[in-house]
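Trainee: sharing a model prediction with you, sequence too.
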Amino acid sequence: CLSERRRGQLAALSIAAVVIIVGVPLWWRTTETYRAWLPVNQINELANLQLQLSADVEVVFARGTVTPEQQKKVPTQVVISLCLFCSSPLEADLSLHTLSESPCGSLVVYVIPESSTLLPEDVDVYIGQRRTALLRIGAQMRVGRTLEQLLAHLEPRIKQVLQVMSFSHTDITAALSDRVRLSPGNKESIADSMRAFKSSPGYEITFSLLNPDPKSHRVHWDIEGAVQTYIQPLLTKLAPLANFSIDSQTLYYAMLGVNPRYDSSRSAYTLNSDSLAHVINPVEARLGSNAASSNPVLNFLLYVPDAHHSPLHIHDHKKQEVLSNAFHSPRWGGIMVYNVNGFYGPEAVFPVDININMAKVMGVFLAQLRLLLGVQSSAPPPGFLVAPCSSTGLADWELDRLMWSRTVENVATATTTITSLAQLLDQIGNIVINDNIAQQVSSAVTSLQLAVAELEAGNLGFALQYSKEAILASERAFFDPSLLHLLYFPDDQKFAIYIPLFLPMCVPILLSLLKIVSEARQKRRERQAKKD
Amino acid sequence: PPIVLFYVEFERKCRSHVSLLCCHASCFGDEDNAGQFFSSGHTNNWAVLVCTSRFWFNYRHVANTLSVYRSVKRLGIPDSHIVLMLADDMACNHRNPKPATVFSHKNMELNVYGDDVEVDYRGYEVTVENFLRVLTGRLPPSTPRSKRLLSDDRSNILIYLTGHGGNGFLKFQDSEEISNVELADAFEQMWQKRRYNELLFIIDTCQGASMYERFYSPNLMALASSQVGEDSLSHQPDLAIGVHLMDRYTFYLLEFLEDIHPASKTNMNDLFKVCPKSQCVSTPGHRTDLFLRDPGSVLITDFFGSVRKVEITMETINLTDPINPVNGELQIRKYSYVDQLPVSEIIHQKPKQKDWHPPDGFILGLWTLILLVFFKLYGMKHLKHIF
């Protein structure tokens, strides 16, 4: 019973209603890119992170350093009688170690009296192989000093010991060097940061024997035994930092790319330091690499010179022979030249069987490995004596130092990765963010917060573990293959596609709506006119 | 600037804590402006060389890319550090009268397709998506090492693109394009993740200068063969092969690079002078405002070669333990391939259960048409017989 006109108006209105209420939201939802929720606030908080590192230091006073009255004031339980008659600080260190095992990241400083003969004359501090140090009280602290004076005297010296054994300002800034390139202050720290490999969850180590002259030398090396005996202990000790995988190979007819010069004064062939830089490239093309992993590769090459160019010595800038006869390249590896001409006389029958002295070779490679992995090489301050290297090649406190700097580096890298990922996803609107990426980001943020908390508490082992988890999660999130922005899908193209489809449809709706409105207005005007 | 506070609390106990308040992490993102950085060194070199056009008449683009590849290899960058992308195979093309060769000089003077060319992305694998994935590192986990750009924050990268281009885009494979905005965004993503120390971008296409207009990340230097509105021209045809062999800019670039050897000290200012307008007809352009070092102090071998830094090993460790003999003989494990063609399984295979699919659209449409016509013809009253 509605009139035709009325029916028409209702139809137009209902179509418009359906289009606006149902159609437009449906179209918007189906064409938007899926973006899972990211914890943006927490990520922004991370950007303003303050790192606080704390290390536990235990100071133990030996007998003879504090008077009995002071002993009562200092609530110490342990004032031990050090083995003051031990002949060397090394023995004392070993005997002390049987007392207690310091956890990772902590230190114990034993204060010994000035009169003790344990340390040599000019040495005030002895740094042991584990996490202990022996500190000799200065001469001025002998007579009539109070406990406060003693403590005030010891404080800067203990701080200095800490800077050598745990971390210092330069170490931490060097660890952050790729994030914050600071002013060119310390050349050494720059060289250190350039030399060591970046923190990575795994490393590949490859030992290669280069024999350019198999007709003259038949070279044998017991690489498996050598690796097991000399290298593996170090790598086991470094296990909390990264996984290591080792392989070895022998390359025949692999020449160095440089011609060595004959030096008649020494009757040997020489390689001077300038030509060393060009040695690596021709060889590198022939070294393989493990195609399955993307971990950084450390190459250690042992070059046995051919019979016509033996012996071959490396000379440094001052034209002095280098004792180790080896050189290394930052972030690549090391090369050692092993001369074998001494093993046979001129009347030998070629090919000569040669067994390589692996202890000597591994001594060099181990030193290079330490440098390339980031163990600091700077000399200790004057008055310090450092214990000789243990059989593993790494002291506990050196491991701690490495762990501190790696943890800081990991935290910094993970933070930057997460913040830049968040920034990126914010800027480029048409990247799809899947749920797994959001989950990785959340877990990275959580791990970072935990790592920072553990650093503050001084638990180095846990902090390193959390920082590694944070790095893994953040790298996985950042480098996820699905995060490619949709090509050819920017917003303006989206509109350009849909307008030709929807506009012709909308024109009649709009026109009928306009007609309804104008009719309603006309009716109202008529009513107004009728009233008047 | 970093704030460092030393706070030492020395309690009258055995334990004491030393805390160090380290520098703010806010200096990470914001301090990236140019003044902060100093001339830092690089420890390794990478090269990404891309040829984007296919078809035989685009022979010159492949020859361009291979000439740069050859120079870069000669100056020391190993294959493991070069990502070579060639969109088409000219050496083994049916129309190549001299198979297995790609020449860059007429009269076949120089064969740039030697015997150790290692192509990482070939043919249809050269797409915009793959190129961006290589740059940003977002490759699927199954990608082998040779197809990845494994650079770090101390890598100098050389990127060379050639093909057909226009104002703000470069054509890939005759079917898609990469725009200068996308390229600039990709470089910014590389910078955010510190995937390069310094980057040299060379492009040899028509209107090549438009491709580096939108860069905004630091430490980028760019060279192009022609300005916006100009075309890059090809050099010389070879009558025996029948196509143009090289583009002018890359031809003179190759000539320039042939004079460089690994120890040479030529710098970037000489590279900018390569191919002046008299030789190239187009005007080559370059952009150095985003680069922090002075171009006069940048060596050619910083990007095109691979000069390693070396240090003498001063210390050794004295090892005294004897070697433990490794236990037992080598365990010989026999490996064998999985049966590649399991014939017996194939012969006795049961036919696979096909999933039921609803009828195709065509069938549905056809039936709808038939029904409509039927009811139109015979009227709606027959409907009640059906339903």
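Mentor: Sure, I can see it. Numbering: from 1, shown residues only, chains lettered A, B, ... in the order given.
Trainee: spatially nearest residue to residue A:494 (excluding sequence neighbours)?
Mentor: residue A:31 (6.3 Å; C-beta to C-beta, 6 or more residues apart in numbering or on different chains). In this view, the C-beta of every residue, glycine as well, is placed from N, C-alpha and C.
Trainee: hmm, I typed the wrong one, I wanted residue A:398.
Mentor: According to C-beta to C-beta, 6+ apart, the nearest residue to residue A:398 is residue A:375 (5.4 Å).
Trainee: again, but for residue A:374
Mentor: Nearest residue to residue A:374, sequence neighbours excluded (C-beta to C-beta, 6+ apart): residue A:196, at 3.6 Å.
Trainee: can you confirm the residue nearest to residue A:398 is in a strand?
Mentor: No: under DSSP: H, G, I helix; E, B strand; the rest coil, residue A:375 sits outside any strand and is assigned coil.
Trainee: tally of neighbours for it?
Mentor: 20 (other C-beta atoms under 10 Å in any protein chain shown).
Trainee: quick check: the gap between it and chain B.
Mentor: Distance check for residue A:375 against chain B: by C-beta to the nearest C-beta, to the nearest Å, it reads 11 Å.
Trainee: who are the contact partners of that residue?
Mentor: Taking C-beta atoms under 8 Å, 6 or more residues apart in numbering or on different chains, we find residue A:375 in contact with A:394, A:398, A:401, A:402.
Trainee: quick one: it from residue A:438, how far?
Mentor: From residue A:375 across to residue A:438, the span is 38 Å (C-beta to C-beta, to the nearest Å).
Trainee: residue B:129 now?
Mentor: 23 Å.
Trainee: between those two, who's got more neighbours?
Mentor: Using other C-beta under 10 Å as the criterion, residue B:129 and residue A:438 rank with residue A:438 on top: 16 against 13.
Trainee: can you name the element that comes right after the strand or helix carrying the more buried one?
Mentor: Assigned by DSSP states H and E, residue A:438 falls within helix A:435-457. Per DSSP H and E, the first helix or strand lying C-terminal to helix A:435-457 is helix A:460-478.
Trainee: helices or strands next to the helix or strand just after that next one in the packing?
Mentor: Counting by DSSP H and E, the next helix or strand C-terminal to helix A:460-478 is helix A:491-531. Judged by 3 or more C-beta pairs under 8 Å, 6 or more residues apart in numbering or on different chains; DSSP states H and E, helix A:491-531 is in contact with helix A:4-17, helix A:24-31.
Trainee: and helix A:491-531, how far out from the chain middle?
Mentor: Using C-alpha atoms, centre = their mean, to the nearest Å, the mean C-alpha position of helix A:491-531 is found 65 Å from that of the whole chain.
Trainee: and stretch A:312-325, by the same measure?
Mentor: With C-alpha atoms, centre = their mean, you get 32 Å for stretch A:312-325.
Trainee: please export the C-alpha coordinates of that stretch as PDB.
Mentor: Extracted C-alpha coordinates of stretch A:312-325, given in PDB (Å, rounded to 0.1, in the frame of the first residue of the first chain):
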ATOM      1  CA  LEU A 312     110.800 -18.600   4.000                       C
ATOM      2  CA  HIS A 313     110.800 -16.000   6.800                       C
ATOM      3  CA  ILE A 314     108.400 -13.200   7.400                       C
ATOM      4  CA  HIS A 315     109.900  -9.800   8.200                       C
ATOM      5  CA  ASP A 316     108.100  -7.000  10.000                       C
ATOM      6  CA  HIS A 317     108.400  -3.300   9.300                       C
ATOM      7  CA  LYS A 318     111.800  -3.000  10.900                       C
ATOM      8  CA  LYS A 319     113.100  -5.900   8.700                       C
ATOM      9  CA  GLN A 320     113.400  -8.100  11.700                       C
ATOM     10  CA  GLU A 321     112.500 -11.700  11.500                       C
ATOM     11  CA  VAL A 322     109.200 -12.600  13.100                       C
ATOM     12  CA  LEU A 323     109.700 -15.300  15.700                       C
ATOM     13  CA  SER A 324     106.300 -17.000  15.200                       C
ATOM     14  CA  ASN A 325     106.600 -16.700  11.400                       C
END
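Trainee: show me where the chain dips below the pLDDT cut-off.
Mentor: Because you didn't say which chain, this covers chain A. For chain A, the stretches with pLDDT under 70 are A:1-2, A:63-100, A:139-145, A:177-190, A:291, A:376-377, A:485-493.
Trainee: meant chain B actually
Mentor: B:1-40, B:326-330, B:382-387.
Trainee: which helix or which strand is home to the most centrally placed residue in it?
Mentor: When C-alpha atoms, centre = their mean is applied to chain B, the residue found nearest the centroid is residue B:48 (4.2 Å). Assessed by DSSP H and E, residue B:48 sits inside strand B:44-51.
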